[in-house]
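J.: task: produce atomic coordinates for the following.
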Amino acid sequence: MKNVQKGFTLIELMIVVAIIAILAAIAIPQYQNYITKSQFSESQTIADGLKTPIVEYFNQTGSCPTNSTTGFLPVGSYSGKYVAQAEVAASGASSCGITVTFKAAGSVSKPLGAETVTVTGDLSNGGAVTWSCASAGIPQKYLPQVCAGTK
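T.: The predicted structure follows:
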């Protein structure tokens, strides 16, 4: 009688496990980068929602609104799942800034925890407004191209 081998050898199983481990070692950090970038995008969404009212206010009054400006931005009214707050303030004679602060802990990714992003609008060009973005504490690899050049 002939004995026929069925199944995989130990070496073949070890090779499969090694391949899966290598793929996981590459995929997990890339996934974490993706999560951090997607969480960062919430700050840009909140800032985008404030840009038009800021420009309108500046065009009517010639100054930047602040959080205490009546009817403009109630304190704590702009927040999200990852963003703790957004503050508006003058950052120069003809530029208004939006400072977005991420939550310190919880669902926010570790590189973003309690960090701030500043979006500044240059309103001196008449009708054309130029917006720039900067963050001193967030690593460059998590910033979108809009913010990457201004750090």
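
J.: what comes up buried for the lowest-mean-pLDDT helix or strand in the chain?
T.: Taking mean pLDDT, DSSP states H and E as the measure, helix 145-148 is the helix or strand of the chain with the lowest mean score, a mean of 77. For helix 145-148, burial by neighbour count (16 or more other Cβ atoms under 10 Å) applies to Cys147. C-beta: built from backbone N, CA, C; applies to glycine.

J.: what do you get for stretch 113-131?
T.: Under the neighbour-count criterion of 16+ other Cβ under 10 Å, stretch 113-131 has 115-121, 123, 129, 131 buried.

J.: which elements pack onto the least confident helix or strand of the chain?
T.: The contact analysis (3 or more Cβ pairs under 8 Å, 6 or more residues apart in numbering; DSSP states H and E) places helix 145-148 against strand 128-134.

J.: what's the spacing between the residue nearest to the spatial centre of the chain and Ala136?
T.: What sits nearest the mean C-alpha location of the chain, by Cα atoms, centre = their mean, is Phe40, with 1.4 Å. Going from Phe40 to Ala136 by Cβ to Cβ, to the nearest Å gives 14 Å.

J.: how about Lys6?
T.: Taking Cβ to Cβ, one finds Lys6 at 62 Å from Ala136.

J.: settle it for me: which of those two has more neighbours?
T.: With neighbours defined as other Cβ atoms under 10 Å, Lys6 and Ala136 compare such that Ala136 has more, 9 against 5.

J.: that's a strand at that one, yeah?
T.: No. Ala136 is assigned coil when assessed by DSSP: H, G, I helix; E, B strand; the rest coil, not a strand.

J.: list phi and psi for it.
T.: Dihedral angles of Ala136 (phi, psi; degrees, to the nearest 10) stand at phi -80, psi -30.

J.: what do you get for Glu12?
T.: Reported as degrees, to the nearest 10, the phi and psi values for Glu12 are phi -60, psi -40.
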